[in-house]
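A.B. asks: Just the structure for this:
(2 chains)
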Number of protein chains: 2
Amino acid sequence: MSVILEPPYTFPEKPGPVVKPGEFVFAAMHLDHGHIFGMCDSLIKAGATLKTVYDPDPEKIASFLRSFPQAKVAASEEEIFQDTEVRLVAAAAVTCERCDLGIRVMNAGKDYFTDKAPMTTLQQVEAARACVRRTGRKYFCYYSERVHTGGGLFAEELIRQGAIGRVIHMDGFGPHRLSPACRPAWFFDREKSGGILCDIGSHQLEQFLTFAGEEDAEIVASRVANYNHPEHPAFEDFGDCMAVGKNGASFYFRVDWFTPDGLRTWGDSRTFITGTEGTLELRKTVDPAVPDMVTNTVILVDKEGEKRYTLNDKIGYPFFGQLILDCIHRTETAMTQEHCFKAAELCIRASESAIRISPKA
Amino acid sequence: MSVILEPPYTFPEKPGPVVKPGEFVFAAMHLDHGHIFGMCDSLIKAGATLKTVYDPDPEKIASFLRSFPQAKVAASEEEIFQDTEVRLVAAAAVTCERCDLGIRVMNAGKDYFTDKAPMTTLQQVEAARACVRRTGRKYFCYYSERVHTGGGLFAEELIRQGAIGRVIHMDGFGPHRLSPACRPAWFFDREKSGGILCDIGSHQLEQFLTFAGEEDAEIVASRVANYNHPEHPAFEDFGDCMAVGKNGASFYFRVDWFTPDGLRTWGDSRTFITGTEGTLELRKTVDPAVPDMVTNTVILVDKEGEKRYTLNDKIGYPFFGQLILDCIHRTETAMTQEHCFKAAELCIRASESAIRISPKA
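C.D. replies: Numbers count the residues shown, from 1 in each chain, chains lettered A, B, ... in the order given. Below you'll find the model as predicted:
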């Protein structure tokens, strides 16, 4: 038994651009969630060329142009749909509108990259599946808590290398800071946001399918509650869920809006993975109450000892370049279409079947 | 926002003996689980006088006498039951026999202190409740993961002081190392051990009732599996459970026998408590992949910042002295009788209603 800080590891170099300027053109539209900034920035770093932006709200356009002054403002969705140079549309619409938008994008012959959650109803999942079959276009989702975190990508690689044996169980905690003053009205509307299990729960189910190598899963039990936000009675400030993969790996996750103000980041995102030969703990956002602000700490315990990898931002994000190349070559390297839809379907099932806890004051 | 290591805190001095030598006499019997050592040692430190020991197995007696040479060997249970000087019997019998033994002890007019889990069937819980009512004797249980850990006691105190507001949710992880060669045959027999949710799950439900201030709870869903021990087909190497308190606090726990050999201790016991005003994380057994072996790390995050308390063994265990005084004064300071039984009842309900996952190899 030993403790090893910074064990040696190999990981591919940070990926650079996968295409030359102008080779892969995309547009942004419907800027309702701030995730659109990370999505566009990452596509651009991977070589994509941002040509146009559209949103009905001039304030959102103005804010977008401060980060992406190169974007030309389009007068309508239609203007972008008609532009044959645009291959991909990136969008972060109000959650319940993401699927309809995706269908319009795909019907216009373009691939679609939406913020999570990608849909809010099972009907939408089926409509999107049908549209993909009909048009041959792609519906990508920005499951950022894995594809845009070094800890998530590194864990995937460790599991692939057999570091913890066969994955039998995973626990995920996704607490978030509410900051109610910064939230638009639709955020508090369950019909529009999909509810907490669909919204921030989508990251969790996507990670489970990936880390456990499961293609499908069943929701065993799920719950939601409004513990402390009586001013928004229909709002869900807590949710949790037990699921089991088709091959038998078990999963639990909890999401909530109770990140205390004193935490240095938006939430203490934590993932625990139990394998037959070892365990992994991911502290992606912060190692709480450690003086240095470190992100993407991965703790591996195996038969040899306890190993701590402090990754910070050493690991790049190949997802975005893979997405671009998937669009160009019609491959499924970044993520399979069915994986994207299955994660969406499961978080909707969890949300729809949830028991609502009624706490006594 | 700030990070504070070793924030100032006040906690009562480590308790000393509460009675004088000979004032409170107890006996030990049925030494089937090693917890009997911690139970006796702690009672002695709290002032109790160990008079006699009984076990049908001379090897177990010999091993016990190496730690407690002052104990006189009794020839039978009956000899101890007849001894009017003995007030309390401490025991760690095979789990399924703990209740019958307790009933014999209480019928002999003595109080009973058993290792956890205190029972394995609901019939036993009712029989014990009835016997307590009839005899007026006490049935204590050694829920060591709270009452014998500084982290657990400190968390209770922080919650009592309002450090995290109202407790709305708790997550507990209780992984344990299997060390199969050191386990008796009954350990692998579900009928005898009660199954994983009853055995190591009992700690978890007891902590939930305590930390959330709940008197009762309902099991929402529970699962068990044998993921990787085909040589013991009926053995449960994994279990988890969702429960909800009568007042609405929610709870999830996971227990398993997958502690990797490289961990410096038997398991990375972890508790996460979410309150309306802050969060607590307890790392009672180890802070994994930190070079110093520290125990009982408590991380409090509140509106001010992130605070790390490194307690190691600075905090004493008032439970044992309180238990002695409860026996003398017929009070319920250490733990109420109903709390002890309710935690037992809930872990049995979790075990009896558990779905069994059938993993594909």
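
A.B. asks: could you pull out the helices for chain A?
C.D. replies: Here chain A has its helices, by DSSP state H, at A:35-45, A:58-67, A:77-82, A:98-107, A:122-135, A:144-147, A:150-160, A:190-193, A:196-199, A:201-211, A:319-329, A:337-352.

A.B. asks: Let me see the contact set for the residue nearest the centre of chain A.
C.D. replies: Nearest residue to the geometric centre of chain A (Cα atoms, centre = their mean): A:Tyr143, 1.7 Å. A:Tyr143 sits next to A:Lys116, A:Ser202, A:His203, A:Glu206, A:Gln207, A:Met335, A:Cys340, A:Ala343 when contact means Cβ atoms under 8 Å, 6 or more residues apart in numbering or on different chains. Where C-beta positions appear, they are placed from N, C-alpha and C, glycine not excepted.

A.B. asks: rerun at 6 Å
C.D. replies: A:Lys116, A:His203, A:Glu206 (Cβ atoms under 6 Å, 6 or more residues apart in numbering or on different chains).

A.B. asks: Nearest to chain B among the residues you listed?
C.D. replies: A:His203 (17.4 Å; Cβ to the nearest Cβ).

A.B. asks: Just give me the neighbour total for that closest one.
C.D. replies: 27 (other Cβ atoms under 10 Å in any protein chain shown).

A.B. asks: again, but for A:Val294
C.D. replies: A:Val294: 14 neighbours (other Cβ under 10 Å).

A.B. asks: Quick check: nearest residue in space to the closest residue to chain B within the stretch 101-250 of chain A, chain neighbours excluded?
C.D. replies: At 2.9 Å from chain B, A:Gly248 is the closest residue in the stretch 101-250 of chain A, using Cβ to the nearest Cβ. Spatial nearest neighbour of A:Gly248, chain neighbours left out: B:Pro359 (2.9 Å); criterion: Cβ to Cβ, 6 or more residues apart in numbering or on different chains.

A.B. asks: and that neighbour, backbone torsions?
C.D. replies: Phi and psi for B:Pro359, reported as degrees, to the nearest 10, are phi -70, psi 140.

A.B. asks: My guess is it contacts A:Ser250. True?
C.D. replies: No: in this structure, B:Pro359 is not within contact of A:Ser250 by Cβ atoms under 6 Å, at 8.6 Å.

A.B. asks: Low-confidence regions, chain A specifically.
C.D. replies: A:361 (pLDDT under 70).

A.B. asks: give the contact list for A:Arg264.
C.D. replies: Counted by Cβ under 6 Å, 6+ apart, A:Arg264 has contacts A:Val286, A:Met293, B:Met1.

A.B. asks: ok, back up a step: tabulate the contacts of A:Tyr143 (a markdown table), appending distance to chain B.
C.D. replies: Formatted as a markdown table, the contacts of A:Tyr143 follow (distance: Cβ to the nearest Cβ, whole Å):
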| residue | distance to chain B |
| --- | --- |
| A:Lys116 | 23 |
| A:His203 | 17 |
| A:Glu206 | 20 |
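
A.B. asks: possible to save those residues as CSV with distance to A:Phe187?
C.D. replies: Below are the contacts of A:Tyr143 laid out as CSV (distance: Cβ to Cβ, whole Å):
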residue, distance to A:Phe187
A:Lys116, 14
A:His203, 16
A:Glu206, 21
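
A.B. asks: what's the span of stretch A:188-201 from first residue to last?
C.D. replies: End-to-end span of stretch A:188-201 (Cα to Cα, to the nearest Å): 16 Å.

A.B. asks: who touches it?
C.D. replies: So stretch A:188-201 is in contact with A:94-96, A:117, A:120, A:174, A:176, A:186-187, A:222, A:232, A:234-236, A:239, A:255, A:347-348, A:350-351, A:354, going by Cβ under 6 Å, 6+ apart.

A.B. asks: mind redoing it with 7 Å?
C.D. replies: Residues lying outside stretch A:188-201 but in contact with it, judged by Cβ atoms under 7 Å, 6 or more residues apart in numbering or on different chains, are A:94-96, A:117, A:120, A:174, A:176, A:186-187, A:222, A:224, A:232, A:234-236, A:238-239, A:241, A:253, A:255, A:347-348, A:350-351, A:354.

A.B. asks: Give me the neighbour count for the residue of the stretch 251-361 of chain A found nearest chain B.
C.D. replies: In the stretch 251-361 of chain A, the residue that lies nearest chain B is A:Pro359 (2.9 Å; Cβ to the nearest Cβ). When neighbours are counted by other Cβ under 10 Å, A:Pro359 registers 17.

A.B. asks: hang on, it packs against B:Gly248?
C.D. replies: Yes: contact criterion Cβ atoms under 7 Å: A:Pro359 and B:Gly248 qualify, at 2.9 Å.

A.B. asks: ok so, going back, what's near enough to touch the closest residue to the residue nearest to the centre of chain A other than its chain neighbours?
C.D. replies: Excluding the flanking residues, the one nearest A:Tyr143 by Cβ to Cβ, 6+ apart is A:Glu206, at 4.3 Å. Under the criterion of Cβ under 7 Å, 6+ apart, the neighbours of A:Glu206 are A:Tyr143, A:Arg146, A:Ala343.
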